[in-house]
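A.B. asks: quick one, what's the 3D model for this:
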Amino acid sequence: MQIIRLFSLLLILALSLPAFGQSDTLVTTPQKDTLSGAFPQSPDTKAIAVKDSSATIKEPGKKKEPVVVKDAARLALEKLPGQAARRSAILPGYGQIKNGRWWKAPFIYGGFVGAGLVFEFNQRYYKKMLDERQFRYYNPGKKSDKELEPYDEQALRSAQDYYRRNRDLSILAGTAVYAINIIDAYVDAKFFRYDINDELSIRYGPSIEAYAVHASIMPVAAFKIKLIL
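C.D. replies: Residues are numbered from 1 along each chain as shown. As a prediction, the model looks like this:
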């Protein structure tokens with residue numbers, strides 16, 4: 001009888017040993033750090049947190065646009081038109097000189113000189129007609145300029161309007177020369193890298209063209225020649 005009790009006790013101890021072994025491997029409740037007051041994280045949870053922070057949420061139906069990277073040479077070439085326009089705006093002809101088209105500068109200054117001479121001529125005669133009219137108005141029956149003695153009041157007024165209109169047009173002409181100077185410098189710098197090749201290729205072959213006949217379109221066989229630059 002004692003042997004049976006001893007055997008039963010050993011059997012109970014044998015069955016209870018795996019349970020004690022599994023209890024050693026259980027995760028215990030983490031304790032707070034005494035300095036920071038936060039629960040320590042295990043290596044697995046840190047890895048998961050880093051992975052989640054680097055993940056990006058993609059919106060459905062939205063395509064990712066390609067990123068265009070420009071080198072320093074391309075950026076410098078793109079700045080040339082703006083720089084040339086500003087130079088010509090500050091000093092007419094300077095943008096053309098920096099673009100290597102120095103021969104355009106004399107034409108620009110020739111335009112300014114021409115507009116200035118036309119302005120001076122018409123302004124001088126406009127003032128002359130105005131002074132003569134004012135003198136005759138305050139001195140009835142008298143004339144101050146022998147050159148204008150044949151002219152009456154109506155002729156003097158018409159001549160005054162004529163010279164005033166030409167004077168105003170000369171101002172507009174000078175403004176147009178200034179604007180053309182800026183536009184030319186910009187366009188010239190814009191097409192700085194434009195390749196103008198004298199070699200042309202010709203593409204030819206049969207084709208079908210639409211030909212309108214009595215409010216209807218009729219296909220017509222044709223032979224097409226195309227120049228390719």
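
A.B. asks: tell me the SS of residue 151?
C.D. replies: Per DSSP: H, G, I helix; E, B strand; the rest coil, the local secondary structure of residue 151 is coil.

A.B. asks: identify each buried residue in stretch 144-154, please.
C.D. replies: Buried residues in stretch 144-154, counted by 16 or more other CB atoms under 10 Å: 148, 151. No exception for glycine: its C-beta is placed from N, CA and C like everyone else's.

A.B. asks: and that stretch, end to end?
C.D. replies: Using CA to CA, to the nearest Å, the end-to-end distance of stretch 144-154 comes out at 17 Å.

A.B. asks: a strand runs through residue 210, doesn't it?
C.D. replies: Yes - checked against three-state DSSP, residue 210 lies within a strand.

A.B. asks: tally of neighbours for the closest residue to residue 203 other than its chain neighbours?
C.D. replies: Distances taken as CB to CB, 6 or more residues apart in numbering put residue 226 closest to residue 203, at 4.6 Å, once the chain neighbours are dropped. Applying the criterion other CB atoms under 10 Å, we find 10 residues in the vicinity of residue 226.

A.B. asks: these two touch, right, residue 226 and residue 201?
C.D. replies: No - because the distance of 9.1 Å does not satisfy CB atoms under 8 Å, residue 226 is recorded as not touching residue 201.

A.B. asks: quick one on the thing from earlier: can you pull the contacts of the residue nearest to residue 203?
C.D. replies: Residues counted as contacts of residue 226 (CB atoms under 8 Å, 6 or more residues apart in numbering) are 202-204.

A.B. asks: this protein: helices as residue ranges?
C.D. replies: Taking DSSP state H as the criterion, the chain contains helices spanning 2-24, 43-54, 72-90, 94-98, 105-138, 153-190.

A.B. asks: burial check on residue 177, number of neighbours?
C.D. replies: By the other CB under 10 Å criterion, the neighbourhood of residue 177 contains 19 residues.

A.B. asks: can you tell me how far it is from residue 184?
C.D. replies: Taking CB to CB, to the nearest Å as the measure, residue 177 falls 10 Å from residue 184.

A.B. asks: surely residue 115 and residue 169 touch.
C.D. replies: No - contact criterion CB under 8 Å: residue 115 and residue 169 do not qualify, at 9.3 Å.

A.B. asks: and these two? Which one has more around it.
C.D. replies: Taking residue 115 and residue 169 together and counting by other CB under 10 Å, residue 115 has the greater number of neighbours (20 against 14).
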